[in-house]
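Engineer: Here is the input, now give the coordinates:
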Amino acid sequence: MSEFLVHLLGERLVNGEKAEVDVQALGSKLSLVGLYFGCSLNGPCKQFNASLGDFYSKFKTSSEHKDKLEIVFVSSDQDQKHWQEFLQEMQWPALPFKERHKKMKLWNKYKVTSIPSLVFVDAATGKVVCRNGLLVVRDDPKGLEFPWGPKPFAEVVSGPLLRNNGQATDSSALEGSYVGVYFSAHWCPPCRSLTRVLVESYRTVKEAGQKFEIVFVSADRSEDSFKQYFSEMPWLAIPYADEGRRSRLNRLYGIQGIPTLILLDSEGRVVTRQGRVEVLNDPECRHFPWHPRPVLELSESNAVQLNEGPCLVLFVDTEEEGELEPAKELIQPIAEKIIAKYKEKEEETPLLFFVAGEDDMSDSLRDYTNLPEAAPLLTILDMSARAKYVRDVEEITAAVVEQFVGDFLAEKLKPEPI
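Structural biologist: As a prediction, the model looks like this:
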C-alpha cells in the first residue's frame with residue numbers, strides 16, 4: 001500500500017508547520033485518501049476549506065476509522081506565499097508547492113475540471129471510491145458512511161419517481177430499460193438548450209421501440225422553478241423535496257457541472273458519461289445507446305472534451321465529409337488497445353483520441369494552441385496543463401502514432417507551452 005502511495009504522491013508531503021510528512025509511514029494504516037484540489041485565491045475553496053476542517057476534526061476525534069483516512073491538498077496556486085498561508089489553515093498535509101508536474105498528473109488522472117474538488121481514492125490502488133467528496137462532507141458530517149463507496153444505481157434511485165402531471169411511479173419501473181440520468185436546472189441556459197434537443201431524442205428512441213427512460217435530477221433553486229422546468233419534460237424526475245436522493249445521485253456519478261447526462265444500460269452500468277455530447281452529435285439517435293467510440297471527429301459539440309485531460313488530435317488536410325475515415329482507421333487500433341489496457345486495470349483511459357479536418361473548429365484550436373499549419377500534424381494537447389506535444393513529420397503511420405503515444409505515457413516527451 002505504502003509503495004503505491006509513494007508512486008502517487010511522492011516520498012514527502014508537507015504540513016502547515018512546514019514539516020515534512022513521510023508518505024511511506026503515513027500510508028501504513030490508510031485505506032482511503034481524499035485528494036483535495038483547490039486554490040487559496042478561490043472563494044468557494046475558502047468556504048469549503050472551513051467545512052472540510054470541521055469534518056476532518058470530527059472524523060479524527062470520534063470515528064472508529066480515524067486512522068484509515070487522510071486528506072492531501074493538491075494546490076493550483078501560482079504564488080508560494082498564498083499557498084503557504086492557506087496551508088496553515090489546514091490540519092492535513094499537502095503536495096509540496098514545487099511539485100507542479102505531479103499535481104498536474106493528479107488533476108489529469110482524476111479528471112478534475114473544477115475547484116474545490118475532493119476525490120476519495122483507494123490508498124492501495126488509487127482507484128476512485130467517491131468522486132464527489134464535497135457532498136460527503138455536506139451530507140455525512142460525522143463520517144458514518146465511511147468509506148463512501150459506490151452503491152448500485154437501483155439502490156440509490158430507489159423510491160417514488162414523478163411525472164409532470166403529478167402522478168408517481170416506483171423506481172422499479174426502470175428495470176430492464178436503458179436509463180438516462182439527467183442533471184440539469186432551469187437557471188442554466190445550456191441546460192435549457194439541451195433539454196429541447198433531448199425531448200426530441202427521447203421521443204425518437206421510444207418510437208423506435210427501445211426500452212428507454214430518463215430520470216431528471218434537479219439542481220433548481222426552488223420547487224416552483226423545478227415544477228416550471230419539469231413541465232417541459234416527458235420523462236420521470238426525483239421529487240424536488242427528496243434532497244437526500246438527489247444528492248446521493250450527484251455523489252454516485254461525481255457530478256461537477258451541469259448539464260450532465262449519464263447513460264446506463266439495463267443492468268445499471270454506465271454506458272457513457274458524455275450523453276450531452278452524444279445527443280447533440282446524433283440528433284437522429286442512430287448510435288443509441290451511444291457506446292463510447294475510440295476515435296472522435298472533432299466538432300463544436302464534443303470540443304468541450306478537450307478540457308477533460310490530455311487528448312491526441314491528428315489534424316489532416318481535408319474539408320470533405322467522410323475523408324476523415326482513413327485517419328480514424330489509422331488511429332483506431334491504437335486507441336482500442338490503450339482503452340482495453342486501462343479498462344482491464346479498472347482505470348480511466350489517460351488519453352482521448354480525435355481526428356480533425358479543415359474547418360472553423362480546427363482553425364480555432366490551432367490558433368489557440370499556436371500549432372503550425374502543417375497537415376498531417378500529430379499532437380497531444382493538455383489544456384489543463386497548458387501544454388502541447390507535437391510530432392510534425394511528412395508521413396503519419398501507425399508506428400509513428402504508437403511510438404508517440406507510448407513516449408507520452410512514459411513521460412519521455414518534452415512539453416511545449418500553450
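
Engineer: where along the stretch 51-200 of the chain do the helices fall?
Structural biologist: 80-87, 100-109, 133-139, 153-157, 189-207 (DSSP state H, counting those that start in this stretch).

Engineer: What is the distance between the second one and the centre of its chain?
Structural biologist: Between the mean C-alpha location of helix 100-109 and the chain-wide mean there is a distance of 14 Å, by C-alpha atoms, centre = their mean, to the nearest Å.

Engineer: related to what we said a few turns ago, got TSV for the helices of the stretch 51-200 of the chain, with distance to residue 373 too?
Structural biologist: All C-beta atoms are positioned from the backbone trio N, CA, C, and that covers glycine. As requested, these are exported to TSV (distance: least, C-beta to C-beta, whole Å):
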stretch	distance to residue 373
helix 80-87	39
helix 100-109	28
helix 133-139	43
helix 153-157	47
helix 189-207	32
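
Engineer: wait, which of these is closest to residue 286?
Structural biologist: Distance to residue 286, taken as C-beta to C-beta, is lowest for helix 189-207 among the helices of the stretch 51-200 of the chain, at 9.6 Å.

Engineer: What residues sit buried inside the closest one?
Structural biologist: Residues of helix 189-207 classed as buried: 191, 194-195, 198, 201-202, 204-205 (neighbour count, 16 or more other C-beta atoms under 10 Å).

Engineer: if we look at it, which residues are touching it?
Structural biologist: The contact list for helix 189-207, computed with C-beta atoms under 8 Å, 6 or more residues apart in numbering, reads 180, 182, 184-186, 212, 214, 229, 232-235, 258-259, 261, 276, 279-280, 283-285, 288.

Engineer: If burial is judged by neighbour count, which of those pass?
Structural biologist: 180, 182, 184-186, 212, 214, 229, 233, 235, 258-259, 261, 276, 279-280, 285, 288.

Engineer: quick one: which of those sit in helices?
Structural biologist: 229, 276, 279-280 (DSSP state H).

Engineer: Roughly how far does the residue nearest the centre of the chain sit from residue 396?
Structural biologist: Residue closest to the average C-alpha location in the chain (C-alpha atoms, centre = their mean): residue 111, at 4.7 Å. The spacing between residue 111 and residue 396, counted by C-beta to C-beta, to the nearest Å, is 27 Å.

Engineer: what's the burial count for the residue nearest to residue 170 when sequence neighbours are not counted?
Structural biologist: Among residues not flanking residue 170 along the chain, residue 160 sits closest, at 6.3 Å (C-beta to C-beta, 6 or more residues apart in numbering). Applying other C-beta atoms under 10 Å, we find 13 residues neighbouring residue 160.

Engineer: In contact with residue 160, which residues are there?
Structural biologist: Neighbours of residue 160 in contact, by C-beta under 8 Å, 6+ apart: 168-171, 239.

Engineer: and which of the residues you listed is nearest residue 11?
Structural biologist: residue 171 (47.8 Å).

Engineer: pretty sure the closest one is touching residue 155, no?
Structural biologist: No: Residue 171 is not in contact with residue 155 according to C-beta atoms under 8 Å; the separation is 9.7 Å.

Engineer: of the two, who's got more company?
Structural biologist: Higher neighbour count among residue 171 and residue 155: residue 171, with 20 against 12, using other C-beta under 10 Å.

Engineer: Okay, that one and residue 139: tell me how far apart.
Structural biologist: 20 Å.

Engineer: now residue 304
Structural biologist: From residue 304 to residue 139 the distance is 28 Å (C-beta to C-beta).

Engineer: now swap in residue 279 and tell me
Structural biologist: 30 Å.

Engineer: picking up where we left off before, so who does the residue nearest to the centre of the chain touch?
Structural biologist: 308-309, 348.

Engineer: Of those, keep whichever come out buried.
Structural biologist: By 16+ other C-beta under 10 Å, the contacts of residue 111 give 308-309, 348 as buried.

Engineer: on that earlier part again, give the residues shared as contacts by residue 171 and residue 155.
Structural biologist: With C-beta under 8 Å, 6+ apart, residue 171 and residue 155 have no common neighbours.

Engineer: any low-confidence regions in the stretch 151-300 of the chain?
Structural biologist: Along the stretch 151-300 of the chain, the model assigns pLDDT under 70 to no residue.

Engineer: Could you give the number of residues near residue 220?
Structural biologist: Using other C-beta under 10 Å, residue 220 has 20 neighbouring residues.

Engineer: Check for me that it belongs to a strand.
Structural biologist: No: judged by DSSP: H, G, I helix; E, B strand; the rest coil, residue 220 forms no part of a strand; its state is coil.

Engineer: Dihedrals phi and psi, it?
Structural biologist: Dihedral pair for residue 220: phi -70, psi 160, per degrees, to the nearest 10.

Engineer: What sits closest to it if chain neighbours are left out?
Structural biologist: Nearest one to residue 220, counting by C-beta to C-beta, 6+ apart, is residue 226 at 4.2 Å.
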